[in-house]
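In: no letters, just coordinates:
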């Protein structure tokens, strides 16, 4: 029997509305919220997003195929419905979040927020975050729009999925075959990207399409009607798949993929059983509280993360203003306030925005214009606000006539020759960038030209190849470009290697890669200098020195710059000792290698009352220039 002619409504379905779907939405959004409140409470809670993707795959595919089969599907109608469903509530959240960001965020976080705003408004923030950060990175705790990555994935799915479904119908391709191939190819892509440690494996639609296709294939599985008893058994097994992984999960690498598969299969099983008979699991999912949370799940998802971010941010400012240098922890009162605000905003958004705009009668043209005007407005506003991050009308300078933004190091990333003759090449990650002003000033004093090649999170392992054990394909590509630059610029005499070495030492191959790079450069008759790591600060609260006027009014700072940036020597030794040992081995193996230790010359996080750090492990321009007189790299071999 051909699968092309079979309507999904015939293949599955007890009726038009399946309350179990809303129940599953409730489970998904509750899991995500718990994870974001404290990931230790539900380590797999983030897979709630995977549940949303499976549900979307099922519902959207069912809608599209039903309309295709009766000859009434128009992609313009479909996109218009999606815009009216998604954009109004999203834009409302972006407006409110942007206002709060202006009033609350210090310079760096303000600028980071408005960089992401442009992408979030255009529904492509998954591209932005895939390029900039891992989802689970602790530095993401104050990225108020991080959660919009999943909306970008869904919106991109809505764009290509109808086209593919129309195409396979026209070509009379079996739908089950299409869904199966989509699942297999997308899953293979995801696994490959994970091996490469590429963030795209988490953020991009082509690495998530297998989850949408899992939902989609349910609409075309033409099985005989199954008995009520079989449905009950299937539903209970599926429920076990849905909740079981959270009980048996461990942090072993790769296990989260298996857990995601099991949970997604559980979702599919519950949906499939519910399409034939009402089950006990279905009745639990259809309880009024579950249906209510499921109905507001989209608005609740939109609001929960900005509320958590801004609440924690203000809490940290409050603690820091009292001289308490530790992250805020959430108590019962905090949780009550956060959840109360999340639900209040979600209900308001659902009733006044979602329902109002979703059913409004409006031409396609007006809907598209509305979306484009809003996206353009957010983009323009975001660009303006990025330039105002450190403006005096917004932030209170930590000292008269100066703010932290004035101390930032801004270095272009280019492999083009900026000078006719560059004598020194500085290679590494963001630590190479923060040493650049120091070496630039030193080089000018000796009549030399400096070129800096840097990429965040990428150590100077210039011989790395595609099969490298911990570098991603993008990071290997950076090393290849560095090698090509060295080959094309043989006049470079001195090569300086710098990195946040401690962050790579969990990979045993780091020392070997560093050793190979040094051996290669010395073999090419280059003079090589290895810069050790600056002493790290124990806290990352430097940004709270420079508050917005509103925060400064409510939480005036009582701790001095010097107190905030004092070294804890035990902490410094703990972090730097492993690399000190490796450096000793390298010096023993390569007598021609020169090693410079910044920790011998910088003994506090301030100089003349001005911070030397931009965060807990990066120097600012003040710190870099302070070290210049101490950089004693010998130009002639000893």
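Out: Now that the structure is in, tell me what you want to look at. Since this is a predicted model, take the numbers as computed values, not measurements. Numbering: from 1, shown residues only.
In: helix/strand/coil for the spatially closest residue to residue 356 that is not a sequence neighbour?
Out: Take residue 356 and drop its neighbours on the chain: the residue closest to it by Cβ to Cβ, 6 or more residues apart in numbering is residue 88, 7.8 Å away. Using the backbone N, CA and C atoms, a C-beta is placed for each residue, glycine as well. When classified by DSSP: H, G, I helix; E, B strand; the rest coil, residue 88 comes out as helix.
In: okay, domains of the protein per the record?
Out: 15-232+288-384, 404-630 (automatic domain parsing).
In: what's the neighbour count on the residue nearest to residue 356?
Out: Look at residue 88: counted by other Cβ atoms under 10 Å, it has 21 neighbours.
In: and what of the one 10 residues further on?
Out: Residue 98 is surrounded by 21 other residues when neighbours are defined as other Cβ under 10 Å.
In: repeat that for residue 43.
Out: As a burial measure, residue 43 scores 16 neighbours (other Cβ under 10 Å).
In: that one and residue 249 touch, don't they?
Out: Yes: look at residue 43 against residue 249 with Cβ atoms under 8 Å: they come within range, at 5.7 Å.
In: hey, what's in contact with both of those two?
Out: Shared contacts of residue 43 and residue 249 (Cβ atoms under 8 Å, 6 or more residues apart in numbering): none.
In: in the chain, which helix or strand is least confident?
Out: helix 8-11 (a mean of 41; mean pLDDT, DSSP states H and E).
In: quick check: next helix or strand after that one?
Out: Sequence-wise, the next helix or strand beyond helix 8-11 is helix 19-37, with elements assigned using DSSP states H and E.
In: and the helix or strand that comes right after that next one, what does it pack onto?
Out: As assigned by DSSP H and E, the chain's next helix or strand after helix 19-37 is helix 48-69. Using 3 or more Cβ pairs under 8 Å, 6 or more residues apart in numbering; DSSP states H and E, the elements in contact with helix 48-69 are helix 8-11, helix 19-37, helix 149-170, helix 209-218, helix 255-274.
In: next, the residue lying closest to residue 468 once chain neighbours are set aside: phi, psi?
Out: Closest residue in space to residue 468, ignoring its immediate chain neighbours: residue 476 at 5.7 Å, by Cβ to Cβ, 6+ apart. Note on residue 476: its backbone torsions stand at phi -70, psi -40 [degrees, to the nearest 10].
In: same check, this time on residue 275
Out: Torsion angles at residue 275 (phi, psi; degrees, to the nearest 10) stand at phi -80, psi -10.
In: how close does it sit to residue 157?
Out: Counting by Cβ to Cβ, to the nearest Å, the gap from residue 275 to residue 157 is 22 Å.
In: what number of residues lie near residue 623?
Out: The number of residues packed around residue 623, counting by other Cβ under 10 Å, is 26.
In: can you classify the residue sitting nearest the centre point of the chain as helix, strand or coil?
Out: When Cα atoms, centre = their mean is applied to the chain, the residue found nearest the centroid is residue 135 (3.8 Å). At residue 135, secondary structure determined by three-state DSSP is coil.
In: residues contacting it?
Out: 46, 129, 146, 149, 199, 202, 203.
In: next step: those restricted to helices.
Out: Under the assignment DSSP state H, these contribute 129, 149, 202, 203 to helices.
In: relative to residue 441, which of these is nearest.
Out: When the ones in helices among the contacts of residue 135 are ranked by distance to residue 441 (Cβ to Cβ), residue 129 comes first, at 35.2 Å.
In: isn't the closest one up against residue 203?
Out: Yes: Residue 129 lies in contact with residue 203 (Cβ under 8 Å); the separation is 5.7 Å.
In: shared neighbours of these two, anything?
Out: Taking Cβ under 8 Å, 6+ apart as the contact criterion, the residues that touch both residue 129 and residue 203 are 135, 149.
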